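Asker: with the input below, show me the fold.
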Amino acid sequence: MKFGLIGLLMLAAAPAAMAAEPAAPPAIPYDFDVNFLKMPANMYLGEVSGVAVNSQNHVFVFHRGTTTGPAYGAAAAQLLEFDQNGAYVREIGKNLYAWSYAHTVRVDRDDNVWVADKGSDMVIKFQMPAGKPVMMLGRKPEASDEFAHPLEHPNPPLPAVNGLFRQVTDMTWDAAGNTYISDGYVNSRVAKFDKDGTWIMQWGDRGTAQGQLHTPHSIASDNQGNIYVADRGNRRIQVFNGTGQPVRMFSIDVPRPPATQQPIIGNIPTNYNVENKNQLPGSPWALCITPGPNQVLYASDSYPGKIYKLTLDGKLLGSIGDGGRAPGKFAWIHEMACPNENTLYVGELLSWRVQKLTLHPTNQQRAENNR
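Answerer: Below you'll find the model as predicted:
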């Protein structure tokens with residue numbers, strides 16, 4: 001009787017254990033240019049954590065270069081501008097008080113440039129073309145505090161505080177100019193400010209249920225005012241309306257890489273049921289939504305290191321590239337800019353570069369996207 005019960009339990013578990021791997025998405029052909037940006041003599045990029053493009057196709061790069069201080073606790077943030085041909089234009093915000101540890105850069109509807117600095121817990125708006133800082137959200141930790149040190153990561157996190165961030169990650173906007181900020185590595189929420197920088201509300205906390213977040217790492221918005229959050233630690237993308245009500249959520253379900261394919265850094269994951277899923281296939285690190293009218297979503301992961309093209313409701317249309325350090329491959333894409341459906345700028349942490357990609361989707365892929 002005992003043997004029979006065990007056998008029945010094994011049979012019941014068999015379908016789940018033998019569940020088929022999801023199908024691999026079709027590969028989208030592309031050209032790449034690793035030399036698009038022309039750096040001045042004796043100036044070098046560090047880890048490229050942010051890349052953005054304005055309406056004139058000028059490229060803004062936020063990177064962890066020109067570090068000052070010791071290896072631990074160094075200030076590592078610099079914002080650079082390049083023209084539409086990749087020629088160097090200028091440095092913006094040199095010696096800015098907020099510079100500490102670069103995370104992301106974005107351009108709003110009026111071509112103003114915004115940055116999120118993870119180290120100083122600040123979001124800064126630069127009015128363009130002057131490059132003048134005109135709005136500062138959050139506050140840099142005080143160096144004069146008796147026990148000044150990096151933030152702890154308690155689990156669960158301590159309650160969030162209105163107007164302050166704890167390792168902030170990214171920002172986006174709606175048509176009314178409200179700013180939505182993903183916050184972040186310690187907090188697990190989205191913070192909303194109005195166009196004048198006045199606090200409105202927040203939503204989300206640490207967890208796995210719909211509406212909860214684990215390392216909201218990237219954020220983007222569509223033409224309908226929906227807010228897309230890369231819920232990286234939960235290996236999914238959540239979509240909310242402008243008041244934080246869940247609209248939908250979806251995962252990028254792709255097959256596991258071959259057992260021989262090594263991550264860029266780290267061991268090959270064997271447990272897919274871990275609490276923090278940020279290095280699993282399909283776990284979204286960076287989000288980018290193209291301009292209208294037919295918007296598409298691009299997302300990247302760290303392992304196997306691909307870019308995925310999706311419809312706004314989560315249908316997987318194709319994949320681009322693979323992980324690696326060689327030109328044309330990707331070593332931890334941290335942010336992407338997509339000024340149109342077939343042009344991508346990708347900033348990589350581990351290869352210290354920006355690559356410009358030109359996509360060449362097949363006729364079938366174009367038809368799928370227009371359905």
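Asker: make it CA atoms for all contacts and neighbour counts henceforth
Answerer: Fine.
Asker: for the protein, which residue occupies the most central location?
Answerer: Ala286 (2.5 Å; Cα atoms, centre = their mean).
Asker: how near is that one to Asp231?
Answerer: Per Cα to Cα, to the nearest Å, Ala286 is found 10 Å from Asp231.
Asker: intersection of neighbour lists for those two?
Answerer: The contact sets of Ala286 and Asp231 overlap at 217-218 (Cα atoms under 8 Å, 6 or more residues apart in numbering).
Asker: show me where the stretch 1-150 of the chain has strands.
Answerer: 30-33, 47-53, 59-64, 78-82, 88-92, 102-107, 113-117, 122-127, 132-138 (DSSP state E, counting those that start in this stretch).
Asker: got those as JSON lines, with mean pLDDT columns?
Answerer: What follows is the strands of the stretch 1-150 of the chain, written out as JSON lines (pLDDT from 0 to 100):
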{"stretch": "strand 30-33", "mean pLDDT": "98"}
{"stretch": "strand 47-53", "mean pLDDT": "98"}
{"stretch": "strand 59-64", "mean pLDDT": "98"}
{"stretch": "strand 78-82", "mean pLDDT": "98"}
{"stretch": "strand 88-92", "mean pLDDT": "98"}
{"stretch": "strand 102-107", "mean pLDDT": "98"}
{"stretch": "strand 113-117", "mean pLDDT": "98"}
{"stretch": "strand 122-127", "mean pLDDT": "98"}
{"stretch": "strand 132-138", "mean pLDDT": "98"}
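Asker: turn those into a markdown table, columns for distance to Gln224.
Answerer: Below are the strands of the stretch 1-150 of the chain laid out as a markdown table (distance: least, Cα to Cα, whole Å):
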| stretch | distance to Gln224 |
| --- | --- |
| strand 30-33 | 29 |
| strand 47-53 | 21 |
| strand 59-64 | 26 |
| strand 78-82 | 30 |
| strand 88-92 | 32 |
| strand 102-107 | 18 |
| strand 113-117 | 22 |
| strand 122-127 | 24 |
| strand 132-138 | 25 |
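Asker: as CSV, those strands with mean neighbour count and distance to Lys277 would be great.
Answerer: Output for those, formatted as CSV (neighbours: other Cα atoms under 10 Å; distance: least, Cα to Cα, whole Å):
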stretch, mean neighbour count, distance to Lys277
strand 30-33, 14, 28
strand 47-53, 28, 20
strand 59-64, 27, 25
strand 78-82, 22, 30
strand 88-92, 16, 35
strand 102-107, 27, 20
strand 113-117, 26, 23
strand 122-127, 21, 26
strand 132-138, 15, 28
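Asker: which non-adjacent residue is nearest Asn241?
Answerer: Asn226 (4.7 Å; Cα to Cα, 6 or more residues apart in numbering).
Asker: what about the one you found, how many residues nearby?
Answerer: 21 (other Cα atoms under 10 Å).
Asker: what residues are up against it?
Answerer: Counting by Cα under 8 Å, 6+ apart, Asn226 has contacts 239-242.
Asker: all strands of the stretch 251-371 of the chain, in order?
Answerer: 286-289, 297-300, 307-310, 316-320, 333-340, 343-348, 353-359.
Asker: can I get the ones you listed in a markdown table including distance to Thr66 and mean pLDDT?
Answerer: Formatted as a markdown table, the strands of the stretch 251-371 of the chain follow (distance: least, Cα to Cα, whole Å; pLDDT from 0 to 100):
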| stretch | distance to Thr66 | mean pLDDT |
| --- | --- | --- |
| strand 286-289 | 24 | 98 |
| strand 297-300 | 27 | 98 |
| strand 307-310 | 29 | 98 |
| strand 316-320 | 31 | 98 |
| strand 333-340 | 19 | 98 |
| strand 343-348 | 17 | 98 |
| strand 353-359 | 15 | 98 |
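Asker: could I get these as TSV with distance to Thr172?
Answerer: Rendered in TSV, the data for these read as follows (distance: least, Cα to Cα, whole Å):
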stretch	distance to Thr172
strand 286-289	10
strand 297-300	14
strand 307-310	19
strand 316-320	23
strand 333-340	13
strand 343-348	18
strand 353-359	21
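Asker: picking that back up, which of the contacts of Asn226 has the most neighbours?
Answerer: Val239 (26 neighbours).
Asker: doesn't it fall inside a strand?
Answerer: Yes. In this structure, Val239 lies within a strand as judged by DSSP: H, G, I helix; E, B strand; the rest coil.
Asker: against Met171, how distant is the nearest residue to it once chain neighbours are set aside?
Answerer: Once flanking residues are discounted, Val239 sits nearest to Tyr228: 4.5 Å by Cα to Cα, 6+ apart. Separation of Tyr228 from Met171 (Cα to Cα) stands at 11 Å.
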